[in-house]
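Colleague: the following comprises the amino acid sequence and a computationally predicted model.
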Amino acid sequence: MAKKKNTNTNKSLSEVVGFKNIFQNDFINFTVGIILIFLSIYIIIAFISFFSTGQNDQSLVLDLRPGEIFNSNRAFQNSCGPFGAFVSYFFISRCFGLSAFIIPVFMGMAGLKLVRAYNFNLIKCFFCLGISMLWLSITFAEILTPIMGSQVFNPGGDHGQFCSQWIENLVGAPGLTAILLLTAIIFLTYLSKETITVVRKILNPVNSISNKVKFDITNNQGKANKSKPIETLEDPTVFDDPQTQRVEFGDNGEAVIKQEEQAEETKIETAKEIKQAPSTNDLKIIIPEKENLADSKDVSGSSNINTPINPKEPWTKYKYPTLDLLKKYENDGKPYIDMKEQTANKNRIVEVLNNFGVQIKTITATVGPTITLYEITPAEGVKISKIRNLEDDIALSLAALGIRIIAPIPGKGTVGIEVPNAQKNIVSMESILNSKRFQETTMDLPIAIGKTITNEVFMADLTKLPHLLVAGATGQGKSVGLNAIITSLLYKKHPNELKFVLIDPKKVEFSMYMPIADHFMAKIPDDNEDAIITDVTKVIRTLNSLCKLMDYRYDMLKLAGAKNIKEYNKKYVNHQLRLTDGHEYMPYIVVIIDEFGDLIMTAGKEIEMPIARIAQLARAVGIHMVIATQRPTTSIITGNIKANFPGRMAFRVSSMIDSRTILDRPGANQLIGRGDLLFLNGNEPVRVQCAFVDTPEIERINEYIKQQPGPIEPMELPEPTTDEGSDSGKGGSLEMHSLDPLFEEAARTIVLSQQGSTSMIQRRFSIGYNRAGRLMDQMEKAGIVGAAQGSKPREVLIQDENSLENLLSALRK
Ligand SMILES: Nc1ncnc2c1ncn2[C@@H]1O[C@H](COP(=O)(O)OP(=O)(O)OP(=O)(O)O)[C@@H](O)[C@H]1O
């Protein structure tokens, strides 16, 4: 009971009366709304009718006799009868003149809101329309009175007439006009910031602010309701979204942080520094679209191919490395926006440009993980080369390393100034591999490199490049870059689809990949040493072997009638190739050479020639090269090499000459190091922050792969052709201890089946083509089979098992 009493006493008076809930009732809302709409139409008709009937009705309105209100003899001429005549007379004649039309308009709006046809902000409308009505009433009284002198009412009504006369008496006609204009401008500015631009344009039609600025400001206004205030800018602002940010500086110094292509905008309250910014140049900071994360552990995105031959056989249970093997960083991909820094940089840029007579229209800042790109639209008539020449002056004023000017930005009518951020972010490998772009890529050999200034994942297809040259002074991130390339391939490729040839003269860079040698590496035969090549002579042999493999693959492509490895493999998996012809699935081969400079210094032409040959021809047969050097001099990156390596990845180099050698232009000398790179594949280099992958992460990935089912030895490359003679070794002596351990069994198989087919040996013993080919050569030497006859099986020279056993025992002696 007591409780009940309590709730009763808590009710407000309006609630008790039922007032509060009255407008929550749909029926009442609708009814009142409809009434207001009809009433407003009725009043508008009455007002219009008043213009022609007001004079006649006036005497009746002013001197109404009893009974006349009922209008039985139709004395009132207003279309809306005596009520219309009275309302019109009151509002038009006695109050606001022509501007009284605003009253039924507002009633109509209120009605539309109540019936929920439109959602007006009635309070705002009330004030705006009210002020407009008062202002118009005075203005009409002042301006229209001489024109509409014949009317019975003053165009501004009694209110307008009284106010205009009162003000005019005080300040005179010019004063009244000035007051009216001033109040109009202030009011319109309150309504729309565009007014400022329009006023500026009127005051200075030649050098006014561009339409672009106007558009941006209007947009902000339009979306202002949705904006969410952030309290302070005293400290650097860190945004939770892992993406770059875009902030616009309005003319009033107001900064709006935007996320591109997202409805929501975040509005930052005015900061002192921003207020002091030159009002003629607005700075917008851009938040590009959020990189879509795929959020799945498995990156390969591939399931078993639904074709008659599964290229992943027999390792169909092989599992691709998962993302949890990679490290996540606390501020991974979240750009810091320090508004003080941004505004200060913007002001300095604008100041330097202004000092040198360069006028700009707009300035936009795109904040990336390590670099901010200030995009400038120069005013008409400004020479782009003038801005380009100010590079040093801008760098000086910003007192920062790594400033780069892109004038103009290709495809845009703007000039870009790249300025390093005070606080730099690490771009983790995890954030790249976890992106949809990477996971859903259809590239054949996707190499994830890092993130661009606009925070987009930057990837390239190694098969399209088709070879990559990496350069950078020591400690600038080359090795990390190579590891990022290898890691991204390991996350996408099955051991049957990809083999690496890793060449590491420093001996320490690639040693951590030893655990995956069986799964993912290729090496020359009869070599018990590591699959990772560290010795110069072995490098030469391996490169020659690759040349031989390339020739062999071309033969197989020709035989298969395929133009490239992709077509060939497609035919293979679709059973369009005869296995007896020696066809087998071709994995891509990626040759990665670290410290290429060292190799050229020691072996010169011996290295350069096979590299140039592979670079020229190997694309179609799936052999791709990535070579890295600390010293990008012309003696190392010769014209021959350069011409065949269109893909370039330049980390910071020490001089402009080095930059020209690697990129054919300056730029790499202005990078800031720690993975900051320029990637060139075509016309203009793209600035990218390289993904960071650390040694422990790579070790975890390698251990994971090692545990997976896969090949038990590295893929064998063909025995390289040496000066001493060909690998077939025809005519040489044949000793049992130098024969392949499978020799005897293979010989029996051949004799029993009477088929001298290499591919049969391959299939029967699950060995690679090279080993099977070597076995056949040995059998040829032993006189078991005849000479090779192109793609046809060899002739079997031993007819029965007994003869074979005799021959084998003779060999054993
Ligand atoms: N993408 C990156 N993000 C953050 N830091 C990086 C990045 N790349 C490199 N670094 C930092 O720079 C250091 C040197 O990198 P790295 O070993 O790759 O240089 P390098 O160019 O290979 O040098 P060297 O030629 O002497 O081997 C790394 O230990 C790391 O601290």
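Modeller: Structure's in. What do you need?

Colleague: next, give phi and psi for the residue of the chain found nearest the ligand.
Modeller: Per CB to the nearest ligand atom, the residue of the chain with the smallest distance to the ligand is Gly675, at 2.2 Å. No exception for glycine: its C-beta is placed from N, CA and C like everyone else's. Torsion angles at Gly675 (phi, psi; degrees, to the nearest 10) stand at phi 90, psi 0.

Colleague: over to Leu579?
Modeller: Phi and psi for Leu579, reported as degrees, to the nearest 10, are phi -60, psi -30.

Colleague: before we move on, what about Thr362?
Modeller: Backbone torsions for Thr362, taken as degrees, to the nearest 10, come to phi -140, psi 160.

Colleague: partners of it in the sheet?
Modeller: Counting by DSSP bridges, Thr362 is bridged to Thr377.

Colleague: which pLDDT value goes with it?
Modeller: The confidence metric pLDDT takes the value 84 at Thr362.

Colleague: count the neighbours of it for me.
Modeller: Using other CB atoms under 10 Å, Thr362 has 20 neighbouring residues.

Colleague: again with the one 4 residues further on
Modeller: Thr366 has 26 neighbours, counted by other CB under 10 Å.

Colleague: hang on, the earlier thing: how much space between the residue of the chain closest to the ligand and Phe692?
Modeller: 6 Å (CB to CB, to the nearest Å).

Colleague: check contacts around the residue of the chain closest to the ligand.
Modeller: Going by CB atoms under 8 Å, 6 or more residues apart in numbering, Gly675 touches 370, 427, 450, 476-477, 480-481, 651, 689-692.

Colleague: near the ligand, which residues of the stretch 501-650 of the chain are found?
Modeller: Proximity of the stretch 501-650 of the chain to the ligand (CB under 6 Å from any ligand atom) is limited to residues Gln630.

Colleague: all helices of the stretch 501-650 of the chain, in order?
Modeller: 517-520, 536-560, 565-573, 596-603, 605-617, 639-644 (DSSP state H, counting those that start in this stretch).

Colleague: the strands in the stretch 401-550 of the chain, which residues?
Modeller: In the stretch 401-550 of the chain, strands defined by DSSP state E, counting those that start in this stretch lie at 404-406, 415-420, 446-452, 457-461, 468-471, 498-503, 522-523, listed in chain order.

Colleague: let's have the ones you listed in JSON lines, adding mean pLDDT and mean neighbour count.
Modeller: JSON lines is the format used below for those (pLDDT from 0 to 100; neighbours: other CB atoms under 10 Å):
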{"stretch": "strand 404-406", "mean pLDDT": "84", "mean neighbour count": "21"}
{"stretch": "strand 415-420", "mean pLDDT": "87", "mean neighbour count": "23"}
{"stretch": "strand 446-452", "mean pLDDT": "91", "mean neighbour count": "26"}
{"stretch": "strand 457-461", "mean pLDDT": "92", "mean neighbour count": "21"}
{"stretch": "strand 468-471", "mean pLDDT": "93", "mean neighbour count": "28"}
{"stretch": "strand 498-503", "mean pLDDT": "92", "mean neighbour count": "25"}
{"stretch": "strand 522-523", "mean pLDDT": "88", "mean neighbour count": "24"}
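
Colleague: which one of those strands lies closest to Pro632?
Modeller: The closest of the strands of the stretch 401-550 of the chain to Pro632 is strand 468-471. By CB to CB, the value is 3.8 Å.

Colleague: what strands line up against that closest one, and which way round?
Modeller: For strand 468-471, pairing defined by DSSP bridges yields strand 623-629 (parallel), strand 647-650 (parallel).

Colleague: which SSE is the closest residue to Ile43 other than its chain neighbours in?
Modeller: Leaving aside its chain neighbours, Ile43 sits nearest to Pro104 (4.0 Å; criterion: CB to CB, 6 or more residues apart in numbering). Counting by DSSP states H and E, the element that carries Pro104 is helix 102-114.

Colleague: flag every buried residue along the next helix or strand after that helix.
Modeller: Proceeding N to C from helix 102-114, the next assigned helix or strand is helix 122-143, under DSSP H and E. Neighbour counts using 16 or more other CB atoms under 10 Å place 128-129, 133-142 of helix 122-143 among the buried residues.

Colleague: now Lys493: phi and psi?
Modeller: Dihedral pair for Lys493: phi -120, psi 150, per degrees, to the nearest 10.

Colleague: repeat that for Leu462.
Modeller: Per-residue torsions, Leu462: phi -60, psi -30 (degrees, to the nearest 10).

Colleague: check the burial of the nearest residue to it once chain neighbours are set aside by counting its neighbours.
Modeller: The shortest distance from Leu462 to any non-neighbouring residue, by CB to CB, 6+ apart, is to Leu445 (3.8 Å). Neighbour count for Leu445, taken as other CB under 10 Å: 22.

Colleague: might one say that Leu445 is in contact with His624?
Modeller: Yes: if you go by CB atoms under 8 Å, Leu445 and His624 touch, sitting 6.7 Å apart.

Colleague: determine the residues that are contacts of both of those two.
Modeller: With CB under 8 Å, 6+ apart, Leu445 and His624 have common neighbours 462-463, 588, 590.

Colleague: if we can go back for a sec, now render the strands paired with strand 468-471 as TSV, adding mean pLDDT.
Modeller: Formatted as TSV, the strands paired with strand 468-471 follow (pLDDT from 0 to 100):
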stretch	mean pLDDT
strand 623-629	93
strand 647-650	92
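
Colleague: now render these as TSV, adding mean neighbour count.
Modeller: Formatted as TSV, those follow (neighbours: other CB atoms under 10 Å):
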stretch	mean neighbour count
strand 623-629	25
strand 647-650	26
